[in-house]
Each structure stands twice: as structure tokens, then as C-alpha cells.
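Engineer: Have a look at this prediction, sequence included:
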Amino acid sequence: MTLFAVAFPILPGKTPEWRTWMEELNGPRRAEFEASRRNAGVHERTFLQTTPMGDLVIVTLEGEHPEQAFGKLMNAKDQFTTYFIERAKEIHGLDPSAVSSAPPSQLVVDSDRVAIPA
């Protein structure tokens with residue numbers, strides 16, 4: 001399995017709204033969320049990281065081709081993805097589908113093996 005990670009800032013004052021969104025994904029929209037990730041072939045984990053510069057969300061995707069899956073997830077046209085991207089834009093202030101065309105994060109340390117520098 002391969003791991004992919006990406007960080008998204010939360011706009012100032014939007015952390016409570018982000019938490020409500022996560023409650024939706026863990027509650028009434030859980031089946032849709034799981035189905036979208038399953039259809040893309042990845043397992044997602046999302047972390048909230050508070051920093052002196054503001055709150056960040058760290059998202060990891062694990063699967064055979066998580067970078068491709070991220071692009072697939074963000075470019076899907078179904079009702080759940082449309083809802084998901086609109087909420088992301090409101091809370092993060094950016095379009096997560098634009099991230100799928102940016103260079104991926106670079107693995108620099110892995111406790112199981114030596115990361116290959118770029």
C-alpha cells in the first residue's frame with residue numbers, strides 16, 4: 001500500500017464549522033463518504049492540527065494509487081462530491097480539486113525505510 005498526504009488550512013474562525021462538517025461525515029453522510037473512498041480505492045484518515053499559525057487539516061489516503069485516487073475523488077461529478085467540494089471551499093478557502101494538479105507532497109522520513117530524496 002502507498003500513502004499520500006496533503007494539508008489544508010482552515011480559514012480563521014471556521015474550525016467549529018469544520019467540526020460540524022466532520023460530524024456529518026461521521027454521521028448522516030457516513031455511507032456516502034465511505035462509498036466515495038471505496039470507489040476510489042483508498043482508505044482516508046483526517047487529522048486536525050492546531051498550530052500557532054492557525055488550524056490545519058491533514059488528510060492521508062492509503063491504497064494502491066492514492067495520488068490518482070485523490071484526483072478521481074476531487075473530479076467526480078456525483079452529488080456527494082459536489083457537496084464535499086463546496087463545503088471544502090467554504091471552510092478551507094480553496095478548491096481541493098485544484099490540489100490534484102499540484103505537485104504531491106514529498107516523503108522525506110519513513111521509520112520503516114530510508115526515503116529517497118527528490
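Structural biologist: It's in.
Engineer: Could you use CA atoms for every contact and neighbour count after this?
Structural biologist: OK.
Engineer: Give me the number of neighbouring residues for Asp55.
Structural biologist: Residues near Asp55, counting by other CA atoms under 10 Å, number 18.
Engineer: which residues touch it?
Structural biologist: Contact analysis of Asp55 by CA atoms under 8 Å, 6 or more residues apart in numbering lists Pro9, Ile10, Leu11, Pro12, Thr15, Leu48, Gln49.
Engineer: Okay, and it sits in which element?
Structural biologist: Following DSSP states H and E, one finds Asp55 within strand 54-63.
Engineer: Tabulate the CA atom coordinates of that strand in CSV.
Structural biologist: The C-alpha coordinates for strand 54-63 follow below in CSV (Å, rounded to 0.1, in the frame of the first residue of the first chain):
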residue,chain,number,x,y,z
GLY,A,54,-3.9,28.5,12.6
ASP,A,55,-5.6,25.2,12.3
LEU,A,56,-4.7,22.7,9.5
VAL,A,57,-6.4,19.5,8.3
ILE,A,58,-4.0,16.7,7.4
VAL,A,59,-5.6,14.2,5.1
THR,A,60,-3.9,10.8,4.3
LEU,A,61,-5.0,8.4,1.6
GLU,A,62,-3.8,4.9,1.6
GLY,A,63,-4.2,2.5,-1.3
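Engineer: So what are the sheet partners of that strand and their directions?
Structural biologist: Sheet pairing here is set by DSSP bridges, and for strand 54-63 it gives strand 2-9 (antiparallel), strand 42-51 (antiparallel).
Engineer: What's the local residue count around the nearest residue to Gly41 once chain neighbours are set aside?
Structural biologist: Once flanking residues are discounted, Gly41 sits nearest to Gly63: 6.1 Å by CA to CA, 6 or more residues apart in numbering. Neighbours of Gly63 under the rule other CA under 10 Å: 18.
Engineer: Over to Ser97?
Structural biologist: Using other CA under 10 Å, Ser97 is surrounded by 18 other residues.
Engineer: how close does Asp78 sit to Lys72?
Structural biologist: 11 Å (CA to CA, to the nearest Å).
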